[in-house]
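1. could you work out the structure for the sequence below:
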Amino acid sequence: MKFKHLLLSASLLFSITLLHAQTAPLWNGKQCAVVLTYDDAIDVDLDNVVPALDSVKLKGTFYLIGSSPVITKRMNEWRKAAKEGHELGNHALFHPCDGSKPGRSFVSPDHDLSKYTVGRAVDEIRLNNTLLKAIDGKERRTFAYPCGDLTINGEYFYKSLANDFAGARGVSGGMQTATQVDLSNIDCYGINGQSADYMIDLVKQAQQTHTLLVFLFHGVGGGHNINVDLGAHSKLLHYLKQHEKDIWIAPMVTVADYISSQQKKS
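-> Residues are numbered from 1 along each chain as shown. Predicted coordinates for the structure are as follows:
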């Protein structure tokens, strides 16, 4: 009888251990990963976002357009942000978009991606990497597609850049596990006026499904026609900080390298 009890206890312990292994956090020892990305190199990045992130000791990724005057005028502040652990990502030198698509009247003739060659796009993106390295001294970073445009006359130009970056962020919404993520077109959720509750609900979904959640911001408290309220953004950051034991919050380059290592194991 005693032996049966011991056998039952051992079996129960094995079942609990197995269940724990099956449900163990999958993202750097945590339930999910969240990446905070900010596009276009605008003043509010330095005025509003970096101070907000630093106040709760979280790190973000800033996708910089090399030709932005905010790079020239505030280079020392970008350098300081990088030293504090924020990623300076590549958003191309001139932010070229495909002007042949509907609603693209804002695209200038000089920077119409549909008029580019793949070679020109690749050269400009690599030149922006050189500029970014001059600012932060780093070799490793990620890319974000301007306007989410992936191709030039049907050709995927990132194929020529895959070895230059840890990964590339797109604009399509979605959450995936580490093995499901496409590092050449990482999904994200673009934020434009949504509430703090909406953003926090996305985080909760990622926690429940053990997936990657990437936020795409432009203006935070103004500065861009695509904008999120400063208070809503702050509430999101504080939720992330309060649940940091369960949520891995890191720059895109760090998460992309982790994903790459996990995919190599699978």
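
2. any buried residues in stretch 242-256, and which?
-> When burial is assessed from 16 or more other C-beta atoms under 10 Å, stretch 242-256 yields the following buried residues: His243, Ile247, Trp248, Ile249, Ala250, Pro251, Met252, Val253, Thr254, Val255, Ala256. Using the backbone N, CA and C atoms, a C-beta is placed for each residue, glycine as well.

3. again, but for stretch 43-57
-> Asp43, Val44, Asp45, Leu46, Asp47, Asn48, Val49, Val50, Ala52, Leu53.

4. pull up the distance across it, start to finish.
-> End-to-end distance for stretch 43-57: 20 Å, by C-alpha to C-alpha, to the nearest Å.

5. and Leu236, what does it touch?
-> Contact analysis of Leu236 by C-beta atoms under 8 Å, 6 or more residues apart in numbering lists Ala196, Met199, Ile200, Val203, Phe215.

6. buried ones among these?
-> Ala196, Met199, Ile200, Val203, Phe215.

7. now those in a markdown table, with distance to Ser172, pLDDT and secondary structure?
-> Listed next are the buried ones among the contacts of Leu236 as a markdown table, based on distance: C-beta to C-beta, whole Å; pLDDT from 0 to 100; DSSP: H, G, I helix; E, B strand; the rest coil:
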| residue | distance to Ser172 | pLDDT | secondary structure |
| --- | --- | --- | --- |
| Ala196 | 23 | 98 | helix |
| Met199 | 18 | 98 | helix |
| Ile200 | 21 | 98 | helix |
| Val203 | 19 | 98 | helix |
| Phe215 | 14 | 99 | strand |
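
8. quick check, nearest of those residues to Ser260?
-> Nearest to Ser260, judged by C-beta to C-beta, of these is Phe215 at 21.0 Å.

9. who's that closest one bridged to?
-> For Phe215, the beta-bridge partners under DSSP bridges are Leu36, Tyr189.

10. circling back: tell me which two of the buried ones among the contacts of Leu236 sit farthest apart.
-> Ala196 and Phe215 (12.1 Å).

11. if we can go back for a sec, which one of the contacts of Leu236 is nearest to Asp229?
-> For the contacts of Leu236, the nearest to Asp229 is Ala196 (8.0 Å; C-beta to C-beta).

12. how much space between that closest one and Val171?
-> In this view, Ala196 and Val171 are 22 Å apart by C-beta to C-beta, to the nearest Å.

13. who's in contact with Ile259?
-> Here Ile259 is in contact with Gly167, Ala178, Val181, Leu183, Leu212 (C-beta under 8 Å, 6+ apart).

14. what's the burial count for the second one?
-> Going back to what we said before, that points to Ala178. 21 (other C-beta atoms under 10 Å).

15. show me the contacts for it.
-> By C-beta under 8 Å, 6+ apart, the neighbours of Ala178 are Leu26, Trp27, Leu212, Tyr258, Ile259, Gln262, Gln263.

16. if I've got this straight, the last one is in a helix?
-> To tie it back to what came earlier, the one meant is Gln263. Yes - counting by DSSP: H, G, I helix; E, B strand; the rest coil, Gln263 is found in a helix.

17. just give the closest residue to it, not the sequence neighbours.
-> Thr179 (5.9 Å; C-beta to C-beta, 6 or more residues apart in numbering).

18. same check on the fourth one?
-> The shortest distance from Tyr258 to any non-neighbouring residue, by C-beta to C-beta, 6+ apart, is to Asn28 (6.1 Å).

19. my read is that that neighbour contacts Ile249, right?
-> No - the criterion here is C-beta atoms under 8 Å, and Asn28 misses it with Ile249 at 10.2 Å.
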